[in-house]
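J.: what follows is a predicted structure for the sequence shown.
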Amino acid sequence: MASAMHCHSGKAAPQSNTHNKPLPTMPRITSIAILVAGIILLVYGLNASDSVSSSVSRAVSGTPTDKTVWLIALGVIGVIAGGFGLVFRKAP
């Protein structure tokens, strides 16, 4: 109980200033790795879109296989995220 009595000294608690903090950025090596992974996924996805199974799926259902769609989508996301990480990073 003694510590509870000494807790309030009449001074205002310091407030953290979260409004002036810059947004966190990815390190350069992480951005490059994500960009390269995105390019690789995109290349695999585009190659898979020309495959026999994707052609059959496109002929039957009108859409490419799910694997092809996921590879292309994740590749595009990786390229965008890695590119933004490289372009919009803090100067050292």
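T.: Nice, thanks for sending it over.

J.: mind listing the strands for the chain?
T.: Applying DSSP state E to the chain gives no strands.

J.: where does it dip in pLDDT?
T.: The model of the chain has pLDDT under 70 over residues 1-26, 90-92.

J.: repeat that with 80
T.: 1-26, 51, 53-55, 57-58, 62-64, 89-92 (pLDDT under 80).

J.: which parts of stretch 31-51 are buried?
T.: Ser31, Ile34, Leu35, Ala37, Gly38, Leu41, Leu42, Tyr44, Gly45, Ala48, Ser49 (16 or more other C-beta atoms under 10 Å). No exception for glycine: its C-beta is placed from N, CA and C like everyone else's.

J.: go on, stretch 62-70?
T.: Result for stretch 62-70 [16+ other C-beta under 10 Å]: buried residues Pro64, Thr65, Lys67, Thr68.

J.: quick one, phi/psi of the second one?
T.: Backbone geometry at Thr65, expressed as degrees, to the nearest 10, gives phi -70, psi 160.
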